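*Asks:* Let's see this in three dimensions:
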Amino acid sequence: MHPYMVGQVGPPRKGRGGKGAPLVALAQVALARAAGYHRRMALLAVRDLKVELATEEGVFRPVDGVSLAVERGQAVGLVGESGCGKSVTALALVGLQPGRIVGGAVEFDGCDLTRASATELRRVRGGRVGLVFQEPLAALNPVLRVGTQVGEVLRTHLGAPRGVARARAAELLREMGLPSPEAQLAAYPHQLSGGMRQRVMLAVALAGGPSLLVADEPTTALDPTVQAQVLALLEELRLRRGLALLFISHDLAVVGQVCSRVLVLYAGQVVEEGPTSTLLGAPRHPYTAALLAALPDPAAPRRRLAELPGVVPDLRHLSAGCRFAPRCSRAADRCSAEAPLLEEPNPGYRVRCFYPLDEAREGPP
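*Replies:* The predicted model follows:
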């Protein structure tokens, strides 16, 4: 077994391999980790996750009972307006959430990360779980060169010597589609365009050979052409590396291009979940339908976009009923007095609504 293989991370032994052996072996480790040695169905299983934040006005829960699962090689979308709990959910997976986890479990490859030590979480973050944050200019260190930031992951999680880490960093930048990758190693983040910085963020996230990639709004603020390129790159990487992908966005149209399954969050709770084609084609929750109605239609560019009145409620002052009721055109008295449960009317499909759109129950049409 090569000394860079799992369980034997370290510099190559004398007399083993040629000049390029360390670099090749390091790439093999990353790909082997991405493929995974254990073949369980759900790589990530989040069960009834609750996160609490304490403020001067009291305690509230930006994440309140969220459950989701991502299988190996699967792309799952998490969507909703700003303030619905998407990013806090993502950060809680690896112990970076503001506040504290007060309930639920985050099982990653059979290990509950909510019970992991700080040392164990540091090994997971950037190693087995890659993170792509919303704004790469803010996430990347402005005073460190690109090569240093990508190489740091390789040295920390794979034990790569400095020279090997630099060569592998150039390979990763090339894989991400950056021109002249060797030259880009010496660049600072502010010297790159938005699309190039996002590709650097992907290189950093993938350097440790993760089996799960969490991408939080990876195409925000990118122009449509660059956005399409980043989405295509994510799909190509997922298929080639066997990555599981948790893709977070406020844009259902973007999620529809990437994910096979979608969860819709509203005010810290899952309100609808199902296969992407079904959920986008025939949404059952009024909130999901309102988000879809607000999307522009290329076939009718002059059509007035539908408006969703109101805003996401203040989680510090919630009413007893459905959290979406104040903005819902179908709301009845029951919706203001009683909170609906997340039910499963069909296998693999969940919805939190007393009056789903495709059922003729008593209540407003």
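
*Asks:* ok, how many other residues are close to Val311?
*Replies:* By the measure other C-beta atoms under 10 Å, the count of residues near Val311 is 11. Where C-beta positions appear, they are placed from N, C-alpha and C, glycine not excepted.

*Asks:* tally of neighbours for Leu246?
*Replies:* When neighbours are counted by other C-beta under 10 Å, Leu246 registers 25.

*Asks:* Reduced to three states, what does it come out as?
*Replies:* Three-state call for Leu246 (DSSP: H, G, I helix; E, B strand; the rest coil): strand.

*Asks:* State the distance from it to Val164.
*Replies:* As judged by C-beta to C-beta, to the nearest Å, Leu246 and Val164 stand 30 Å apart.

*Asks:* Report the buried residues of the strand or helix carrying Thr119.
*Replies:* Using DSSP states H and E, Thr119 sits in helix 118-124. The neighbour-count check on helix 118-124 (16 or more other C-beta atoms under 10 Å) flags Val124 as buried.

*Asks:* Would you mind pulling the contact partners of it?
*Replies:* 94-95, 108, 113, 116, 157 (C-beta atoms under 8 Å, 6 or more residues apart in numbering).

*Asks:* could these be laid out in JSON lines, adding neighbour count and secondary structure?
*Replies:* JSON lines is the format used below for these (neighbours: other C-beta atoms under 10 Å; DSSP: H, G, I helix; E, B strand; the rest coil):
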{"residue": "Val94", "neighbour count": "21", "secondary structure": "coil"}
{"residue": "Gly95", "neighbour count": "18", "secondary structure": "coil"}
{"residue": "Phe108", "neighbour count": "22", "secondary structure": "strand"}
{"residue": "Leu113", "neighbour count": "22", "secondary structure": "helix"}
{"residue": "Ala116", "neighbour count": "17", "secondary structure": "coil"}
{"residue": "His157", "neighbour count": "23", "secondary structure": "helix"}
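
*Asks:* What is the nearest of those to Leu185?
*Replies:* His157 (18.7 Å; C-beta to C-beta).

*Asks:* Would you confirm that that closest one contacts Arg125?
*Replies:* No: His157 is beyond contact range of Arg125, at 9.3 Å (criterion: C-beta atoms under 8 Å).

*Asks:* Let me see the contact set for Asp48.
*Replies:* Shown in contact with Asp48 (C-beta under 8 Å, 6+ apart): 65-67, 103-105.

*Asks:* Show me which residues of stretch 208-225 are buried.
*Replies:* 208-220, 222.

*Asks:* what do you get for stretch 97-116?
*Replies:* For stretch 97-116, the neighbour count (16+ other C-beta under 10 Å) marks 97, 99, 101, 104, 106-109, 113-114, 116 as buried.

*Asks:* Then stretch 303-319?
*Replies:* Buried-residue list, stretch 303-319, by 16+ other C-beta under 10 Å: 308, 312-313, 315.

*Asks:* what do you get for stretch 175-195?
*Replies:* Neighbour count says stretch 175-195 has 175-178, 181, 184-185, 187, 189, 192, 194-195 buried, by 16+ other C-beta under 10 Å.

*Asks:* out of those residues, which are inside helices?
*Replies:* Among the buried residues of stretch 175-195, the ones falling in helices (DSSP state H) are 175, 181, 184, 194-195.

*Asks:* now stretch 334-348, how far from the centre of its chain.
*Replies:* For stretch 334-348, the separation from the chain centroid amounts to 26 Å (computed by C-alpha atoms, centre = their mean, to the nearest Å).

*Asks:* and Ala165, helix, strand or coil?
*Replies:* Of the three states, Ala165 takes helix under three-state DSSP.

*Asks:* who touches it in this structure?
*Replies:* By C-beta under 8 Å, 6+ apart, the residues touching Ala165 are 150-151, 154-155.

*Asks:* give me the low-pLDDT residue ranges for this structure?
*Replies:* Residues of the chain meeting the criterion pLDDT under 70: 1-41, 359-365.

*Asks:* Helices along that one, start to end?
*Replies:* Going by DSSP H, the chain shows helices at 21-35, 86-92, 118-124, 136-139, 146-158, 162-175, 181-184, 194-206, 224-241, 252-258, 276-281, 286-293, 333-337.

*Asks:* Cheers, nothing more for now.
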